[in-house]
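J.: Coordinates for the following, if possible.
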Amino acid sequence: MTAPTTFTGKNLETALQKASQATGLAPEAIKYEILAGKTGGYALIKVIGQAAAVPTGPLVESLSGDPNAAAPARADRGDRGDRGDRPPRDRDRGGDRGPRPERSGDRGGDRGPRPERSGDRGPRPDRGDRGDRGPRPERGGDRGPRRRDDRDELLPVPQDGPTAVTFEVAAEGPLTAFGEKVRDVLVATLEKMGFGMKLVFLEGADEVQVDLVSGVYHDVLLAKELELLDALEHLVEKVAIGHGNLPEGAPKKKVHLDSNGFRAKADLDLAHSAREMADRAIADQRVFKLGPLDPRARRVVHLTLREYAGVVTRSEGEGVFRRVCIIPKSAEATDNTSVQDDHSGE
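T.: Residues are numbered from 1 along each chain as shown. Sure thing, here's the model as predicted:
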């Protein structure tokens, strides 16, 4: 396998097909990361290796280890001689029982007319009257908790991991009032969770970046598409900018959390792909639409191509369907795409 390569497509299947053609591997044998487009539509993937092979041979191969072993012959179901003295089953089951009467004949005979189904049965009791059976239990009563799908299960949290939380500032100079508030909230939250780790702060003019040197908690933070890391980021930012938590006039900034540089590496890969697509947009003189992308991914594309000669970036769509358009400057005046400027960093 050569160095990791990124591939794009209008959806995940198309991107995998391109990766398959380039690597010579079947799509199901490719191990990859989704850099953008997890929710559908445009996809950007990074090939990181070959997935473990899945046995496809006959069962005898996986049991004996011999790929040339013959599959066991199926027993002749017609040979019933070894089943004891049981006589063979005769297809003609009539025997001496006489011919079977026709089903459509006169079945009444001397039996008399068939009574009506509702004749002697009496009136049907009221369904609401259950007698001494007692009330019907709730459906979830004795059945136990509903089993969750394996995809929804959270990773177990290490029970013997560190619990102390420390921090340092990567840049020179102290944190601002906002940065200090973010630090206090994040440290207190992680201590309550029992997630001991080191926090590395880097504060800029409009954002506070914190890389969590998370150690044994790294996989837990990234499980289910970074669900816990995203929730922690959202919580810290909302509390930090909450009413009365900042001094009067203190600026509010975005908070970005990372774990062992995972997001920073993904951002570099996405920026590289954005520049490649910008070159293609200039060469082909056509608009490229990337998405749907989440706000962080859109921001990476906008910042990467802000000073890129020959193209401009804009966004279109709403909510989870919002996407980035890479437009050649020569085609910007004639572009009929319904887009709107989106260079605010989202």
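
J.: what's the pLDDT at residue 68?
T.: pLDDT recorded at residue 68 is 49.

J.: from now on call the first residue 399
T.: All set: I'll call the first residue 399, so the last point we hit is now residue 466.

J.: Let me see the ranges of the strands in this structure.
T.: 403-407, 428-434, 441-448, 563-567, 595-601, 605-611, 652-657, 686-688, 709-714, 721-726, 738-739 (DSSP state E).

J.: I'd like those laid out as TSV, including mean neighbour count and distance to residue 679.
T.: Quick note: C-beta positions are derived from backbone N, CA and C, even for glycine. Formatted as TSV, these follow (neighbours: other C-beta atoms under 10 Å; distance: least, C-beta to C-beta, whole Å):
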stretch	mean neighbour count	distance to residue 679
strand 403-407	19	12
strand 428-434	19	17
strand 441-448	19	15
strand 563-567	14	40
strand 595-601	18	32
strand 605-611	20	28
strand 652-657	21	28
strand 686-688	21	5
strand 709-714	21	6
strand 721-726	23	5
strand 738-739	10	17
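
J.: For residue 699, find the nearest of the ones you listed.
T.: Judged by C-beta to C-beta, the one of the strands of the chain that comes nearest to residue 699 is strand 721-726, at 4.8 Å.

J.: Now tell me what touches the closest one from outside.
T.: 439-440, 672, 675-676, 679-680, 683-691, 696, 699-700, 703, 708-715, 733, 735, 737, 740 (C-beta atoms under 8 Å, 6 or more residues apart in numbering).

J.: Now do the contacts for residue 423.
T.: Contacts of residue 423 by C-beta under 8 Å, 6+ apart are 417, 448.

J.: Model confidence at residue 672, what's the number?
T.: 92.

J.: so it makes contact with residue 700?
T.: No - in this structure, residue 672 is not within contact of residue 700 by C-beta atoms under 8 Å, at 9.1 Å.

J.: circling back: which of the contacts of strand 721-726 fall in helices?
T.: Counting by DSSP state H, the contacts of strand 721-726 place 672, 675-676, 679-680, 696, 699-700 in helices.

J.: what's the most distant pair in those?
T.: Top of the distance list for the ones in helices among the contacts of strand 721-726 (C-beta to C-beta): 680 and 696, 20.5 Å.

J.: Which one's more surrounded, the two?
T.: residue 696 (22 against 18; other C-beta atoms under 10 Å).

J.: Could you check how far that one is from residue 721?
T.: 8 Å (C-beta to C-beta, to the nearest Å).

J.: same thing with residue 579?
T.: 34 Å.

J.: In contact with residue 442, which residues?
T.: Residue 442 neighbours (C-beta under 8 Å, 6+ apart): 404-406, 413, 432-435, 668, 671, 688.

J.: Among these, find the lowest-pLDDT one for me.
T.: The lowest pLDDT within those belongs to residue 435, which sits at 65.

J.: residue contacts, the closest residue in space to residue 639 that isn't next to it in sequence?
T.: Closest residue to residue 639 apart from its sequence neighbours, by C-beta to C-beta, 6 or more residues apart in numbering: residue 650 at 4.7 Å. By C-beta under 8 Å, 6+ apart, residue 650 lies in contact with 576, 639, 644.

J.: Surely residue 702 is in contact with residue 667?
T.: No - the pair residue 702 / residue 667 is not scored as a contact, 11.3 Å apart, by C-beta under 8 Å.

J.: returning to that earlier point: mark which of the contacts of residue 650 are part of helices, please.
T.: Using DSSP H, the contacts of residue 650 in helices are residue 576.

J.: Many thanks, we can stop here.
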